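what follows is a predicted structure for the sequence shown.
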Amino acid sequence: MKIKKALVYFISFFSLSVMFSACYYISYKNALRDFNESAVERNNEFILSLEKNGYLQIGNQVAANNQAQTQEPIQSTEAESNITVENTTDTTVPVDQVKEDTVLPATQYTLQTYDVKTGVTSEEVLPTPSYLIGLNREEVIQYLNDYMQDLPLNEFQKGLISFEVVKFSKDDITLKKTYNTDNAEYKYYLKAQNGYIIAYYGDQKTVFDYTGVSTENLSAAEQQKLEEGIPVKDLDELYALLENYSS
């Protein structure tokens, strides 16, 4: 009996608690809604007051926002259009930008030598010269032209008359030297410099001997010849001329 009575009390208390909680929740929601509505109304009144007094320009802001929103899709469309144009740009490499063959360390280097007097051509495969590595065909040709303009003494004495490209690729390069010993007709040159006679080799730039012979006692005509340079065929002729100038 006591248990039943206690159960009735518990159920009654629980029901009252639920009803009280529900009423409190409903009252809270209504109060919160009224507060929010009132806050919004006061905020609108405050904004209208500021606008009326000239402190705020709602109309211009709204127009600007609307314009920005209108322009956004246009700008997006333009950006997409630009991307499309960039993606469709022709990526074809011009003919003049195609990579040229150059001499590599692994390129086979062949040197041909032709003797005009004998008509004999010799050929040998040599290590690729370091000064050719990295050069393209035009650069190699330019190097050979410069070489001919400033011949080493030994090449001059052997009568080198041409140096040219026969074959050119990244795998194989062939150069050809042509010699004619008759081309080196004069082996020496005598020239006057700073009042003294100097003997040069036939290339006229490599000194053979600083003779120490003065030009002071020579005639004006002889001094003029020495200023221009006197070609000498061989060593015997050279010594004969020097003896004559020193006597």
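Noted; the coordinates are in hand.

what are the ranges of the strands in this protein?
Using DSSP state E, the strands found in the chain span residues 108-115, 120-126, 160-168, 172-179, 188-193, 196-201, 207-214, 230-232.

so who does the closest residue to residue 135 other than its chain neighbours touch?
Nearest in space to residue 135, with sequence neighbours left out and distances taken as Cβ to Cβ, 6 or more residues apart in numbering, is residue 103 at 5.4 Å. To be clear about C-beta, it is placed using only N, CA and C from the backbone, and glycine gets the same treatment. For residue 103, the contact set (Cβ atoms under 8 Å, 6 or more residues apart in numbering) comprises 128, 132, 133, 134, 135, 140, 170, 173.

local confidence estimate at residue 103?
The per-residue pLDDT reported for residue 103 equals 94.

and it, how close does it get to residue 199?
40 Å (Cβ to Cβ, to the nearest Å).

excluding covalently adjacent residues, which one is nearest to residue 211?
Per Cβ to Cβ, 6+ apart, closest to residue 211 is residue 197, 4.9 Å.

the one you found reaches residue 242, doesn't it?
Yes: judged on Cβ atoms under 8 Å, residue 197 makes contact with residue 242 at a distance of 7.1 Å.

those two: who's more crowded?
It is residue 197, of residue 197 and residue 242, that has more neighbours when counted by other Cβ atoms under 10 Å, with 22 against 18.

for the more buried one, name its beta-bridge partners.
Beta-bridge pairing of residue 197 under DSSP bridges involves residue 192.
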